[in-house]
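In: Got a predicted structure here, sequence first:
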Amino acid sequence: MTSSIDQGAPPGYVVVQMGGPFVALNGPLWVAELGDSKRVGLRVQRKHCNVMGFCQGGMLATFADMMMPVSMYGRPEFVSRPSFLPTVSLQIDYIAPVFLNDWLEGTTEIIKITRSLVFAQGVVRVDGKPVLRCSGIYSVGPPIPPGSIGMYTDEMPDIAPVRS
């Protein structure tokens, strides 16, 4: 039997390291560039499934919550000023079950970008059929300083943030 890791991703996708250690444990995430837009993918592995054998809803929510910001980072507004985009609000509608070895493929539409917020919506599909619909609001954080670990890493800073 071929493992889900061996199955990898469809042609055109590359692994992206992003989101820190939590996403690193739950990935890998894959990205395909399509002109000005990106598709984000994930091969469903056993570690993503619940006891019934379906992809766990929390994993699908995590995928949606990473898919939308990943799609934003190719936009000119964020290429010139890379910023961390913490989630303010996330809505998920589960449409159909997702199974072991399924290839999730998500697309995002940016609805509006303001000085401090980004509004987005997306659809996740398996074999071209929608399995999840999502929308989110993301805060435009301060610029990521040059030389910092930034978003494209599985690392975490040595010093954790403190509450103010």
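Out: Everything's here; your move. Fair warning: this is a prediction, and the values are worked out from it, not measured in the lab.
In: For the helix or strand containing Asp65, which outside residues touch it?
Out: Assigning secondary structure by DSSP states H and E places Asp65 in helix 57-72. Around helix 57-72, the neighbours that count as contacts under C-beta atoms under 8 Å, 6 or more residues apart in numbering are 16, 18-19, 22-23, 26, 29, 31, 37-38, 40, 42, 48, 50, 78, 85, 87, 90, 92, 94, 98, 104, 106-108, 110, 118, 120, 122, 124, 131-132, 134, 136, 138, 151. Where C-beta positions appear, they are placed from N, C-alpha and C, glycine not excepted.
In: ok, and for that helix, which residues are buried?
Out: Neighbour-count burial for helix 57-72, counted by 16 or more other C-beta atoms under 10 Å, picks out 59-72.
In: could you pull out the strands for the protein?
Out: 14-16, 29-34, 37-43, 87-94, 103-113, 117-126, 129-139 (DSSP state E).
In: Show me what the last one is packed against.
Out: When you say that, I think you mean strand 129-139. For strand 129-139, the contact count by 3 or more C-beta pairs under 8 Å, 6 or more residues apart in numbering; DSSP states H and E identifies helix 57-72, strand 87-94, strand 117-126 as packing neighbours.
In: need these in JSON lines with distance to Ala9 and mean pLDDT, can you?
Out: Below are the helices and strands packed on strand 129-139 laid out as JSON lines (distance: least, C-beta to C-beta, whole Å; pLDDT from 0 to 100):
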{"stretch": "helix 57-72", "distance to Ala9": "14", "mean pLDDT": "92"}
{"stretch": "strand 87-94", "distance to Ala9": "23", "mean pLDDT": "97"}
{"stretch": "strand 117-126", "distance to Ala9": "13", "mean pLDDT": "96"}
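In: Those into JSON lines, with extra columns for distance to Gly12?
Out: As requested, the helices and strands packed on strand 129-139 are exported to JSON lines (distance: least, C-beta to C-beta, whole Å):
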{"stretch": "helix 57-72", "distance to Gly12": "15"}
{"stretch": "strand 87-94", "distance to Gly12": "26"}
{"stretch": "strand 117-126", "distance to Gly12": "16"}
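In: Thanks again, I'm all set now.
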